[in-house]
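Undergrad: please find the sequence and the predicted model below.
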Amino acid sequence: MGKVLAIANQKGGVGKTTTAINLGAALAHKGLRVLLIDLDPQGHLTEGLGARRSYMDTVPSLYELLVSSKKDSLADIKVSTETMDLVPSNIRLVLAEQGLIAQRGREYKLRSLIEPLRDDYDWIIIDCPPTLGQLTDNALNAARAVLVPVQAEDTSIRALELLFDQIESLERALNVNIQIIGVVATMVEDTNVARRTLRILRENIPAMLPTEIRKRVRLKEAWAAGQSIFRFDPESDLLPTYSELADELIARYTGEGNGRG
Ligand code: ADP
Ligand code: MG
């Protein structure tokens, strides 16, 4: 049974998509079968894996699958990229926030779509939009496990508290458990101010993971080239970092929120 993971933070630009691509690539590098799902209407994950052209006009798209009761399957809309499969985003996903509200069992739509694919993959990773809405709720409920990237800057603690509150209220509303795998610091710079901010984060957020993703312009370049860092720059010092993050994920994941205690 494949493990499902949501990568969420309602703040934009904190490294969710970059983490999804490169954590996915790290898992694939270990010989694991990985499916990425781009749940952000902006399609940055899709673009970052060089698949943008193949999704813009495609119908049905993830949007139609989420809001219609037809029996279309994620398998019909997935594409293959370098080492991972991808369910691409579609511009119509912007309509999904509204479209899902009218649906019965709306928080279970993505979960039901993923279910038939769980034997085909070891890891299914969902890249969330920068919002706390229906799409993110769908991802959290589909995965019941979440990894939270955070940019090491001072406003982050409040944003994290909001996210944790949202997760708790979703748990109560659906009567499920959602495991917070951990919070991973991204874009970490080697400066005194960054070190200090990170120390404050570590003091306040027990879920902070040991791994820190350093700031590297090569990551931006890889995204623009439509490739993971594993393909774009195999010599990058970030490969061992993402591999270590993948190991932490594998070690901590219990699924269905069982690790919460
Ligand atoms: P989100 O998905 O949370 O909006 P992204 O992963 O798209 O965030 O990252 C935002 C921007 O920062 C992108 O341009 C991305 O290439 C860049 N970026 C992300 N992580 C790093 C990093 N470790 N070093 C340098 N740039 C990064
Ligand atoms: Mg993103």
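TA: Nice, I can see it. Ligands and ions are numbered 1, 2, ... in the order given.
Undergrad: need the residues of the stretch 151-261 of the chain near ligand 1, please.
TA: The stretch 151-261 of the chain comes close to ligand 1 at residues Thr186, Met187, Ile213, Lys215, Arg216, Leu219, Lys220, Trp223, as judged by Cβ under 6 Å from any ligand atom. To be clear about C-beta, it is placed using only N, CA and C from the backbone, and glycine gets the same treatment.
Undergrad: phi first, then psi, for the residue of the stretch 51-200 of the chain found nearest ligand 1.
TA: Distances between the stretch 51-200 of the chain and ligand 1 by Cβ to the nearest ligand atom are smallest at Met187, namely 4.4 Å. Taking degrees, to the nearest 10, you get phi 50, psi 40 for the backbone angles of Met187.
Undergrad: got the contact list for it?
TA: Met187 makes contact with Gly15, Gln151, Ala152, Ile213, Arg214, Lys215, according to Cβ atoms under 8 Å, 6 or more residues apart in numbering.
Undergrad: now do the SS call for the spatially closest residue to Leu93 that is not a sequence neighbour.
TA: The shortest distance from Leu93 to any non-neighbouring residue, by Cβ to Cβ, 6 or more residues apart in numbering, is to Pro41 (3.9 Å). Following DSSP: H, G, I helix; E, B strand; the rest coil, the label given to Pro41 is coil.
Undergrad: looking at it, Pro41 is touching Gln98, isn't it?
TA: No - in this structure, Pro41 is not within contact of Gln98 by Cβ atoms under 8 Å, at 11.8 Å.
Undergrad: re earlier: write the ChimeraX selection for whichever of the residues of the stretch 151-261 of the chain next to ligand 1 are buried.
TA: Only the buried entries of those go into this ChimeraX selection, using 16 or more other Cβ atoms under 10 Å:
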select :186,187,213,215,216,219,223
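Undergrad: filter the residues of the stretch 151-261 of the chain next to ligand 1 down to the ones in helices?
TA: Residues from these lying in helices, with DSSP state H as the criterion: Leu219, Lys220, Trp223.
Undergrad: can I get these in a markdown table including distance to Leu49?
TA: As requested, those are exported to a markdown table (distance: Cβ to Cβ, whole Å):
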| residue | distance to Leu49 |
| --- | --- |
| Leu219 | 14 |
| Lys220 | 15 |
| Trp223 | 9 |
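Undergrad: Ser89 versus Ala246, what's the distance?
TA: Distance of Ala246 to Ser89, given as Cβ to Cβ, to the nearest Å: 23 Å.
Undergrad: quick one: which of these two has more around it?
TA: Per other Cβ atoms under 10 Å, whichever of Ala246 and Ser89 has more neighbours is Ser89, with 28 against 23.
Undergrad: mind telling me what element the more buried one is part of?
TA: Using DSSP states H and E, Ser89 maps to neither a helix nor a strand.
Undergrad: which ones are touching it?
TA: Contacts of Ser89 (Cβ under 8 Å, 6+ apart): Asp38, Leu39, Asp40, Pro41, Gln42, Gly43, Leu45, Thr46, Tyr55, Leu62.
Undergrad: pull the contacting residues for the residue sitting furthest away from the middle of the chain.
TA: What lies farthest from the middle of the chain is Asn192; by Cα atoms, centre = their mean that is 29.4 Å. Taking Cβ under 8 Å, 6+ apart as the contact definition, Asn192 lies against nothing.
Undergrad: what sits against the closest residue to ligand 2 within the chain?
TA: With Cβ to the ion as the measure, Thr17 is the residue of the chain nearest to ligand 2, at 3.3 Å. When the contact criterion is Cβ under 8 Å, 6+ apart, the partners of Thr17 are Asp40, His44, Leu45, Gly48, Asp127, Trp223.
Undergrad: among those residues, which one lies nearest to Asn177?
TA: Asn177 has its nearest neighbour among the contacts of Thr17 in Asp127, at 22.1 Å by Cβ to Cβ.
Undergrad: beta partners of the closest one?
TA: Beta-bridge partners of Asp127, counted by DSSP bridges, are Ile7, Asp38.
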